[in-house]
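> build the 3D model from these lines:
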Amino acid sequence: QQQRQRQQQQEPPFTQQRLQSQNQHQHQQPQRYHDAVGSHSSSSAHRSGGGGGGSIDGWNERFAHLDNALNMSAADDGFLELDEAIRLVENYNLIYALDFPKERVAALLADLDASAGGRGLVSIRNLSSQLRTCR
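Residues are numbered from 1 along each chain as shown. Coordinates of the predicted model:
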């Protein structure tokens, strides 16, 4: 840290301002991320998974984000590469608190891959309908 301070003292003022701006920007990144996804992942209704009538509608709304991402990522034939399907399901499960058990998702994806001939492809239509019953 002392070495960095010495470097900053030797650099022109413009460079010092840029470095300060970068440091400030780095500290703001987590807050921006939280603001972007916070409303989707922080409420107790979202984390409840099942529960009352309002949380089911909330879950369906959150699931719609995953369903949309799967459909947007799929090829014209309705299939998606297995690795991409895994990535999307894991990320959306985390971000939108969909409460899918990892073991069940892994088994589901393996079954869907096998039913597609073990080619490393997953039917998005089948994946979406199976995920709705997975939690």
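> C-alpha from now on. contacts and neighbour counts both.
Will do.
> which residues touch Asn93?
99-100 (CA atoms under 8 Å, 6 or more residues apart in numbering).
> residues in contact with stretch 77-87: which ones?
70-71, 73-74, 109, 113, 120-125.
> can you put these in TSV and add pLDDT, secondary structure and neighbour count?
Below are the contacts of stretch 77-87 laid out as TSV (pLDDT from 0 to 100; DSSP: H, G, I helix; E, B strand; the rest coil; neighbours: other CA atoms under 10 Å):
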residue	pLDDT	secondary structure	neighbour count
Leu70	96	helix	23
Asn71	95	helix	16
Ser73	95	helix	17
Ala74	94	coil	19
Leu109	94	helix	25
Asp113	93	helix	19
Gly120	94	coil	18
Leu121	94	strand	23
Val122	95	strand	28
Ser123	95	strand	22
Ile124	95	helix	22
Arg125	95	helix	14
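> in TSV: those, plus distance to Glu90.
Converted to TSV, the contacts of stretch 77-87 look like this (distance: CA to CA, whole Å):
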residue	distance to Glu90
Leu70	12
Asn71	16
Ser73	15
Ala74	16
Leu109	12
Asp113	17
Gly120	17
Leu121	17
Val122	15
Ser123	17
Ile124	15
Arg125	18
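> nearest to Leu98 among those residues?
Among these, Leu70 lies closest to Leu98 (CA to CA), at 14.8 Å.
> which non-adjacent residue is nearest that closest one?
With sequence-adjacent residues excluded and distances taken as CA to CA, 6 or more residues apart in numbering, Leu70 is closest to Ile124, at 6.5 Å.
> out of the contacts of stretch 77-87, the closest to Ala97 would be?
Leu70 (16.7 Å).
> right, and the closest one touches Leu88 too?
Yes: in this structure Leu70 lies within contact range of Leu88 using CA atoms under 8 Å: 7.2 Å.
> what are the ranges of the helices in this structure?
With DSSP state H as the criterion, the chain has helices at 2-10, 13-41, 44-48, 53-73, 82-95, 102-115, 124-132.
> and the fifth one, what's buried?
So the one you mean is helix 82-95. Within helix 82-95, the residues scored as buried using 16 or more other CA atoms under 10 Å are 82, 84-85, 88-90, 92-93, 95.
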